[in-house]
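Undergrad: 3D model of this:
(3 chains)
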Amino acid sequence: MKPAPFEYLRPASVDEACEALASDPDARVLAGGQTLVPMLAMRLSRPSILVDITRLADLQGITETAEGIEIAAATRQAVALKSDLIARQVPLLAAALPNVGHPPTRARGTVGGSIAHGDPSAEIALAATILNARIVYIEDGEEVEFEPEDFFIGPTVTMAPMGGLMTRVIFPKKPAGRVGAGFHEIASRRSDYAFASAGAQVVLDDDGACVQALLGIGSVGDVPVAVDVSDLAGTRLTDDDLKGAIEAALADLDCVDDLHATATYRARAAKRLAFQALATARENAA
Amino acid sequence: MKTDLTVNGRTYGIDVEPRTTLLDALRDGCGLKGTHAGCEHGVCGACTVIVDGEAVRSCLMLAVQSDGLDITTIEGVAPERGELDVIQDSFCETHGMQCGYCTPGMVLAAKALLGVNREPTDEEIRDAISGNICRCTGYGQIVEAIRLAAKRLRESNALAMEAGE
Amino acid sequence: MNADTKPRFLSTDRRVREDKRFVAGSGRFVQDLDRPGMLHVALVAAQHPAAKIVKIDASEALAMEGVHYVIDGAELSAAVNPLMNGLDTPNVRRFPLAVGQNRYAGEWIAAVVADTRALAEDAAERVKVEVERLGFLTDAEKALDPESTPVHPEHGSNLLLDRTFDWGPVEDDFARSDETLKLRVTWGRNSTVPIETFGVICEWNPWDEVLDVWASIQMPKYADQIARALKLPGNAVRVHYDVDVGGSYGVKRGIKQTVLAGYLCRKLGRPVRLIEDRLENMRSGDAHGPERIFDIEVAFDRDGTVNAMKMRALDNAGAYAGRAPFQLGKPIGAIVGPYRINSVQYRAMSVTTNKAVQEAVRGFGQSPTNYAIETMMDRVAAHLGMDRLEFRQKNLIRSEEFPYLIPSGSTYDSGDYHAVIDKVLATADYAELQAERDRLRAEGLCAGIGIAACLEPSGGNSAFEPLLNEKNRTSTWMEGCRVNVDALGEVTVAIHTTSSGQGHETLAATVVGEVLQMDPDRIRVVRPDSLSSLPGNSPVGSRMAIMLGGAAANAARELIRQAVAIGAHLSRADPAACRYEDGTVVTPDGTVTWDEIVDVAHRRFHDLPPGTNPGLTANFIQQVPTGTALPKDGKVQMYPCYSFEFHLVLLAFDPVLAKPEIRRYVIGHDCGTVINPHIVKGMTLGGIAHGLGAALLEEFAYDGEGQLMTQSFLDYLMPSSHEMPEVEIVKHETPSPLTEFGQKGSGESGYLGAPAAISGAIHDAVSQWGIHLNKLPIRMSAISDAIAAAEENA
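TA: Predicted coordinates for the structure are as follows:
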């Protein structure tokens, strides 16, 4: 199981990386490699050249700006998991990250790579979808931004511009008020690609009433989806409130069927996990 | 492509194709056969090595990416030839292996864990090795080995502190 | 062993000597070996489940730099003999590469030899194979249809084996019983899937005319089979046993791979290495395990007495026969499990389909059979409204009934099943465990307790071979051991097999140390190559504690006899009046030291007893304790020793997510006298992990197009440290009266009962809905969907 031959380039700058990517349609970005390298090994991916961005300082780091929390694309998942800034300001992402792979894959896998791959079961992609993070690419020297809902269009198919390079993902900072997040997923082995996953964030006012509730489902269909549970605003988020909102929001969820999990299972599991995610978010906000 | 790998404190100048994984480079380029190929697609963990303090899968890294990184393989764990470090010795004490094929990866996953966590819970131990598949042991004696190693490391630490080190 | 003396080294917590090299990364696996000028093989795999091979064009591959050769099945089959079949099915011919047509997706059509494995893979992609698709089938029941497309047209049908045994008055017992019950359960195709794939290096020495083989092997009569296939004299194949094997649990058989590499290395005059990559291993390493449908009818009385059982086992062997059908044979040796069942009808059926080939898997068919028997016991108890445990206890063979002859001709050596179960129930606090289950249920979870009682037949003599194939006259399955004392007085033990984690070096050293009353750490254990070895049959069938243990003990005893003879002669005493003690010979007049005895044996022929040869060395070839007779009337003593295990498991899951989480797992294990407790413990825990995988996760599943869907580790799911629970082992020792120290086998422990116990626990958890999930693995979505359907219908 050896990859087909390719060239390797380690650019000195983002510009050089962009140039290399733009000049060859078969060039691919190599970031953490945790998804790409297995595809190379199985010869499912046959790039002409790999552009290794892992050491570009401009693509590393987590910073707070007025716009939000910016995670540079090549920031490793393990670094994000340890980030106080993310824990404080993007609690839903913080809740999602421990579910990403295993310690050794998080040590190399990157935040941007996970999003760029567009796997419907990717936890970071789901968190980005729920929070409506902005995905920033450089294309032809210009920054282009995508909203997750537009970016993810099918299983491992995205709107990423040909020859472009993702530079960062901007997660909005958590809103004012008491904010809680929850993330739950299910697979036959923990850390596997999930059969269904759910993330939620709620904001409570000082009285404990819900100001805002967000919910998203991953792994069941072609792309991670944010679903509308805005009806929860104004409620006390009782179990019945949650169940009612989930029933309505997930009534027409598209689910896929495969060897490991049926579509009917995924649909049922999504509701159960959605409840767990919202309930956890509620507890964490309290 | 020529590249320099820093493995167990030593520099190996090797010439590899870009497609050569770190795993294959360690085995064939550096002659370090203790790192094992299990699945070559990043699932089983047999090829685990420590890179800059963290356990990673060497089948998912390219050799040409790895210059300048501080790489530790199983050959770099024992203090001297014929001697064992505390973690290795603990694996022997509890028989935390059978066929020995996943063992180097397990020992290194344990080493990475104990490098940052001297008092891991069983849950943390199981999480640290969850990406390393062992088909022989059912993990019980591996968990025991890591538990024992943690205890021994704590004790030797305490002794060293007492001695004023 | 003298019953009065306490063992010094046996059953003590001594370390396993092999471990030291493994933790240092110094194991010597076949992948670690390099031979000068070595070439590498990659395989060209069939795309379709069945296709006629019209043309293979390798010209483009051969034109690539670094590519040395491309071979196809036509060339290879003209040069080598077909691989051995276990059954008498001469028209089911099998070669390492497909000949004329391929019979499963992934089957090897051609092999490319190049300077590196990567180059070989590049070239393999450029081998152009022109085919015409043929009809195919993957379903065993469809294969039974005489109109089904035959996988081997020359054979005439897909039926490899259809044999019905009637042991005892089955029809009478059915007629006199109060009630009968039918059930069907299916064991999904899985395997042990070692983390090391199969690998082999072959090198032909044209001047010595010897084929050197280094392989990741666990195969009885491996060298013989290679020689026969390659048309070489037996003594022209030299298998190096000092290769560490990275796990096997039955499957590392490697005949086709070795014949291919062996042929290529002679052809090319260079060493040739074939290391399967994971895809080759999974889809075409011919290492899948049993896939079996059980139809059972059981007759019993209302008081809970089981009288008779009819079992039909239909096994899907895959595309070729090999030894796979014999996996229907081993369970005959424990066909009633640990129970008193007066009569049994057993119909063993094996069919070919267009799936990858089966190989031996841990337990050789026993675990599927145990799963069927234990599911039957649960169903009958439920039908009668009896407690599952009491129902079992009522039917278990009682300790005073041993040795116990079962209907199919095997006599169980010893056991105390009730005592083991009582210990487990006490350890687990069964009443409290039930209360815990009820508490979990009150929390809204599905919670269930599973129990399984089963046997591990061990030390086998391969008696299923003559039983299922009359042309086969095997009545021994011996194992040899050599113990030698060098001129400096140190002891070296030679064992004649590779090991895949069973700790045979530790076993041999411990046993010889025990007999010689000598610290095992002083004893060297070596593995000569096959041409320097005594006969042996490799570590299969849970046999090495019994067989290698027996051979080592008896060789050491022979050494003592020689030492005593020397000591007695030096002292002019009657050998009968002398004894061996702690390395010395105690005579009526004093002691003769070890050094003195060694000096005489190695240097002073004049001091040796008359007629004695010099040296201090002993070979012993151990016969299977009970392996003496060929089958008669469809009955045979299959195995000498029967270990017992009793599983008790509590699991729970959310009714919607349905992910079974094991809350408690207690196993009672009785494998007689334990030689090394660490090894036995590890076998048991590892076996349970395999069983957990078989019950819930692992399957080689094929789609409607005949393609394997689970060919990578992303889809073939093996338990990780997250899924595998802490297991409590409750020990019990009922020594076997047939073995040197009372030891029995333990290499399959845990695996033999875990699937049944876990399935039973899931069924207990969903019992309120009366759901039956009759096929392993039981996937989460199947549980959840079944509950949802039951709720809807309620």
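
Undergrad: Can you pull up the most central residue in the chain?
TA: Using chain A. Note on chain A: the residue nearest the mean C-alpha position is A:Ala125, at 1.6 Å, using Cα atoms, centre = their mean.

Undergrad: and the host helix or strand of that one with chain B, contact?
TA: Assigned by DSSP states H and E, A:Ala125 belongs to helix A:123-131. No - applying Cβ under 8 Å from any Cβ of the partner chain, one finds helix A:123-131 separated from chain B by no less than 15.8 Å. For the C-beta atoms, the positions are set from N, CA and C on the backbone; glycine is no exception.

Undergrad: And that helix, what's buried?
TA: A:123-131 (16 or more other Cβ atoms under 10 Å in any protein chain shown).

Undergrad: and if you look at stretch C:260-276?
TA: In stretch C:260-276, counting by 16+ other Cβ under 10 Å, buried: C:260-268, C:270-276.

Undergrad: Same check on stretch C:567-582?
TA: C:567-571, C:573, C:575, C:578, C:580.

Undergrad: mind checking the end-to-end distance for it?
TA: 14 Å (Cα to Cα, to the nearest Å).

Undergrad: Measure how far that stretch is from the centre of its chain, please.
TA: Distance of stretch C:567-582 from the chain centroid (Cα atoms, centre = their mean, to the nearest Å) equals 44 Å.

Undergrad: how about the residues of chain C near chain A?
TA: Near chain A, when you scan chain C using Cβ under 8 Å from any Cβ, you find C:117-118, C:121-122, C:125, C:277-279, C:654, C:656-659, C:696-697, C:701, C:709-710, C:712, C:714-715, C:717, C:719-720, C:722-723, C:779-782, C:784-785, C:788.

Undergrad: and A:Asp24, what is it in contact with?
TA: For A:Asp24, the contacting residues are A:48-49, by Cβ atoms under 8 Å, 6 or more residues apart in numbering or on different chains.

Undergrad: give me the element A:Leu50 is part of.
TA: strand A:49-52.

Undergrad: does chain B sit close to that strand?
TA: Yes - looking at strand A:49-52 against chain B by Cβ under 8 Å from any Cβ, the contacts come from A:50, A:52.

Undergrad: Residues touching that strand, excluding its own?
TA: A:6-11, A:17, A:20-21, A:24, A:26-30, B:18, B:62, B:64-65.

Undergrad: what ranges do the helices span in the stretch 351-500 of chain C?
TA: Ranges of helices in the stretch 351-500 of chain C, per DSSP state H, counting those that start in this stretch, are C:366-384, C:388-395, C:417-428, C:430-442, C:464-468.

Undergrad: To chain B, which of those helices lies closest?
TA: Go through the helices of the stretch 351-500 of chain C one by one with Cβ to the nearest Cβ and the one that ends up closest to chain B is helix C:366-384, at 15.0 Å.

Undergrad: Could you confirm whether the closest one reaches chain B?
TA: No - residues of helix C:366-384 are not located near chain B by Cβ under 8 Å from any Cβ, the shortest gap being 15.0 Å.

Undergrad: quick one: that helix to chain centroid distance?
TA: Taking Cα atoms, centre = their mean, the mean C-alpha location of helix C:366-384 is offset from the chain mean by 22 Å.

Undergrad: could you give the angle of that helix to helix C:388-395?
TA: Using axes from the mean of the first three to the mean of the last three Cα atoms, to 10 degrees, the direction of helix C:366-384 lies 110 degrees away from that of helix C:388-395.

Undergrad: Give the buried residues for helix C:366-384.
TA: Neighbour counts using 16+ other Cβ under 10 Å place C:366-382, C:384 of helix C:366-384 among the buried residues.

Undergrad: one step back: can you put the buried residues of stretch C:567-582 in CSV and add distance to chain B and pLDDT?
TA: As requested, the buried residues of stretch C:567-582 are exported to CSV (distance: Cβ to the nearest Cβ, whole Å; pLDDT from 0 to 100):
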residue, distance to chain B, pLDDT
C:Gly567, 37, 98
C:Ala568, 42, 98
C:His569, 42, 97
C:Leu570, 40, 97
C:Ser571, 42, 96
C:Ala573, 44, 97
C:Pro575, 41, 97
C:Cys578, 39, 98
C:Tyr580, 31, 98
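
Undergrad: Pick out whichever of those sits closest to chain A.
TA: The closest of the buried residues of stretch C:567-582, once distances to chain A are taken by Cβ to the nearest Cβ, is C:Tyr580, at 54.4 Å.

Undergrad: Could you tell me which ranges of chain B sit under the pLDDT cut-off?
TA: By pLDDT under 70, the low-scoring segments of chain B are B:165.

Undergrad: repeat for the stretch 51-200 of chain A
TA: For the stretch 51-200 of chain A, no range has pLDDT under 70.

Undergrad: so where do the strands sit in it?
TA: Here the stretch 51-200 of chain A has its strands, by DSSP state E, counting those that start in this stretch, at A:62-64, A:69-72, A:134-139, A:142-146, A:152-154, A:157-158, A:165-171, A:178-186, A:196-204.
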